[in-house]
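A.B. asks: here is a sequence together with a model predicted from it:
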Amino acid sequence: MTYYLIAGERSGDLHGGNLIRAIQKYDPKAQFKAWGGEQMQEAGATLVRHYREMAFMGFLEVVQNLGTIRRNLRDCQQDLLRTRPDVLILIDYAGFNLRMARFAKQHGIRVFYYISPKVWAWNQRRALKIKATVDRLFVIFSFEVPFFQRYDYQVDYVGNPLMDAIAAFQPESDFRERHNLGRKPIVALLPGSRRQEVKDVLPLMLAATRQFPAVQFVLAGVSNLPQALYDDVLKDYPTIPLLIDQTYDLLAVAQAALVTSGTATLETALLNIPQVVCYRTTWLSYQIAKRVIAVPYISLVNLIAEKEAVRELIQDELTTEKLGEELVKILPGGSRRAQQLADYASVQEKVGAPGASERAGRLMAQAVLSDQATTPSAS
């Protein structure tokens, strides 16, 4: 059977790779094409386009890149029709993938969606669009099940695939020594995996480091962004090391972290590292976002905890002074550290055990193979 996957970001590529491996266990002859990255390619997919050509964040950046987005959408639609897969599997990346879901449905191609668009966060009536265009939706948060039930839409809850990645992680025992990190307490800087996030947030993170001469700050970079982007921001901070694609190992030796809002906030919580969540975008993007967001928090940690487990510094609140104040509170001996770790325990319990990729892959393969077995040509 042929599976066509689309992920437009780094985290989606990771989950897509694990999903492909799971599907292969139940459909050994499966073939895969993907819009994604190295993780999906290494798992066995033929890569059509890399997500680095697709990742745009914020309303303004999307508007500025509308030509590229439309071209990507047109190219993807044409390749989907050439391939005519047995199923299209969409992974998060709502703006692009919801359009692909509608297109596939119009052309008689079955649609699965893995990691639902966060329709519960804003414009909740998009749930009706998903119901109309997605044959099966596989969700990763338990609270999404009753949300979609309000729209008379039954979904498959499979658990959170981040637990699979974290369960598979084995920290390097000599990580500090190999990277000459010394014996100072370490604070990790996680500025995100998209260019705009690094440009908007990292300079403020770096400026805050000057308040902590007794701490070793270490920057977690990603290989899908150019080295020059980091070098330009780091030129005035020669003592701050840059480590590429080693975020989990860095967090394993860190005492705290400054984290740009996104998947990394939940990863940091699941690895039990106290954090301050940072978010900043253009004035226009922020003005639009705050008018449409329907939830009280921006971080997944707080949304799952249903309380402010981690401090969120958003837009004008994100200053070097406030970053310093909040970091002091979560370092050893700080007034917020013990409570944040206690709240993490509740979050971890709600997220559940590993196995999401396995469960989703099994359900998808069984559904596709069952369809084949019941068609007249298979009898």
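C.D. replies: Here it is on my side, so go on. None of the values given here were measured: they were computed from a predicted structure.
A.B. asks: return the distance of stretch 320-328 from the chain's centre.
C.D. replies: The chain centre lies 25 Å from the centre of stretch 320-328; the measure is Cα atoms, centre = their mean, to the nearest Å.
A.B. asks: check what pLDDT T263 gets.
C.D. replies: What the model reports as pLDDT for T263 is 86.
A.B. asks: could you do R194 as well?
C.D. replies: Confidence for R194, expressed as pLDDT, is 83.
A.B. asks: burial measure for it, as a count.
C.D. replies: Using other Cβ atoms under 10 Å, R194 has 22 neighbouring residues. (Each C-beta comes from the backbone N, C-alpha and C, glycine too.)
A.B. asks: pLDDT weak spots in the stretch 51-200 of the chain?
C.D. replies: Within the stretch 51-200 of the chain, the stretches with pLDDT under 70 are 55-66, 121-123.
A.B. asks: helices of that one, residue ranges please.
C.D. replies: Secondary structure of the stretch 51-200 of the chain (DSSP state H, counting those that start in this stretch): helices at 59-64, 66-83, 94-106, 126-133, 144-149, 162-168, 175-178, 195-208.
A.B. asks: ranking the ones you listed by burial, who's on top?
C.D. replies: helix 195-208 (a mean of 20; mean count of other Cβ atoms under 10 Å).
A.B. asks: remind me what that helix packs against, helices and strands.
C.D. replies: For helix 195-208, the packing partners by 3 or more Cβ pairs under 8 Å, 6 or more residues apart in numbering; DSSP states H and E come out as strand 186-190, helix 227-234, strand 256-260, strand 275-279, helix 320-330.
A.B. asks: sorry, back to before: can I get the helices of the stretch 51-200 of the chain in CSV including distance to D343?
C.D. replies: What follows is the helices of the stretch 51-200 of the chain, written out as CSV (distance: least, Cβ to Cβ, whole Å):
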stretch, distance to D343
helix 59-64, 31
helix 66-83, 38
helix 94-106, 28
helix 126-133, 29
helix 144-149, 21
helix 162-168, 17
helix 175-178, 27
helix 195-208, 23
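A.B. asks: between these, which gets nearest to D249?
C.D. replies: With Cβ to Cβ as the criterion, D249 lies closest to helix 175-178 of the helices of the stretch 51-200 of the chain, at 5.0 Å.
A.B. asks: who wins for proximity to S11 among the helices of the stretch 51-200 of the chain?
C.D. replies: Between the helices of the stretch 51-200 of the chain, helix 162-168 lies closest to S11; by Cβ to Cβ that is 8.3 Å.
A.B. asks: before we move on, back to that, the helices and strands packed on helix 195-208: which one's closest to G95?
C.D. replies: strand 275-279 (18.4 Å).
A.B. asks: please name every helix or strand in contact with the closest one.
C.D. replies: helix 195-208, strand 256-260, helix 263-270, helix 300-305, strand 311-314, helix 320-330.
A.B. asks: who does it pair up with?
C.D. replies: Applying DSSP bridges, strand 275-279 is found paired with strand 256-260 (parallel), strand 311-314 (parallel).
A.B. asks: rebuild those strands as a markdown table, extending it with mean pLDDT, mean neighbour count and distance to I298.
C.D. replies: Output for those, formatted as a markdown table (pLDDT from 0 to 100; neighbours: other Cβ atoms under 10 Å; distance: least, Cβ to Cβ, whole Å):
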| stretch | mean pLDDT | mean neighbour count | distance to I298 |
| --- | --- | --- | --- |
| strand 256-260 | 96 | 27 | 10 |
| strand 311-314 | 93 | 20 | 6 |
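A.B. asks: tabulate these (TSV), appending distance to R49.
C.D. replies: Listed next are these as TSV, based on distance: least, Cβ to Cβ, whole Å:
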stretch	distance to R49
strand 256-260	25
strand 311-314	32
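A.B. asks: between those strands, which one is closest to S142.
C.D. replies: strand 311-314 (22.2 Å).
A.B. asks: which residues are contacting the closest one?
C.D. replies: Contacts to strand 311-314, defined as Cβ atoms under 8 Å, 6 or more residues apart in numbering, come from residues 261, 276-280, 297-299, 302, 319, 322-323, 326, 329, 336.
A.B. asks: biggest separation within those residues, which pair?
C.D. replies: Longest span within these, Cβ to Cβ: R280 and R336, 21.6 Å.
A.B. asks: more neighbours, those two?
C.D. replies: More neighbours surround R280 than the other of R280 and R336, with 22 against 18 (other Cβ under 10 Å).
A.B. asks: report the separation between the more buried one and G352.
C.D. replies: Separation of R280 from G352 (Cβ to Cβ, to the nearest Å): 32 Å.
A.B. asks: quick one: contacts for the nearest residue to I130 once chain neighbours are set aside?
C.D. replies: Nearest residue to I130, sequence neighbours excluded (Cβ to Cβ, 6 or more residues apart in numbering): L137, at 6.3 Å. Residues near L137 by Cβ under 8 Å, 6+ apart: F112, Y113, S116, I130, F148, Y153, V155, D156.
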